[in-house]
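Peer 1: this one's structure only:
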C-alpha cells in the first residue's frame, strides 16, 4: 500500500511539474500579432511586393516575388477591399506540418471583404534568429 501511495505522489509531482513546464513555455503572442497586422497593412494597401520582401525566408522559398504579386492581386481584386477584420485566435506552436523546425504563431482573423461576406484569414508567423516575427504563410478560407 505504501508503494502505491508513493507512486501516486510521484505521479502527482510529475504532473504538476509538466503543467508548470507547459505554462513556462507559453509565449507572449502580441509581438507576432503586431507583425502580422503590419504585414496585412501592406497587403491591404496593394503593396504585394513589399509584403514578399518583409516575409520569412521560407515564404520566399515557397513562392517567387512575381508569382506572389500576381496571385495576391488576382485574389484580392476579386474579393475586394477589407471591410472589417477581427482577431479570432492567436496560438503558439513549436513545429507545424510541412514546415521547417521553429517557433510559430498562427493567427486567425475573421474578415469581411467587399465582395466576400465572411472569410477566415490565417497568417502564420515564424520567429527569426533575431527574435523578430516574419510571415511564413498566408491563406484566405
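Peer 2: All right, it came through fine. What you see is a predicted model; the values in this text were computed from it and never measured. Numbering: from 1, shown residues only.
Peer 1: Contacts only, for residue 107.
Peer 2: Residues near residue 107 by Cβ atoms under 8 Å, 6 or more residues apart in numbering: 29, 32, 33, 36, 87, 89, 90, 122, 123, 124, 125. Where C-beta positions appear, they are placed from N, C-alpha and C, glycine not excepted.
Peer 1: Specify the beta-bridge partners of it.
Peer 2: Listed by DSSP bridges, the beta-bridge partners for residue 107 are residue 90, residue 123.
Peer 1: Distance of it relative to residue 68?
Peer 2: Distance from residue 107 to residue 68, counting by Cβ to Cβ, to the nearest Å: 19 Å.
Peer 1: Can you pull out the low-pLDDT segments for the chain?
Peer 2: Scanning the chain for pLDDT under 70 picks out the ranges 1-25.
Peer 1: give me the element residue 76 is part of.
Peer 2: Element membership for residue 76 (DSSP states H and E) is helix 65-79.
Peer 1: Repeat that for residue 135.
Peer 2: Residue 135 belongs to strand 133-140 when assigned by DSSP H and E.
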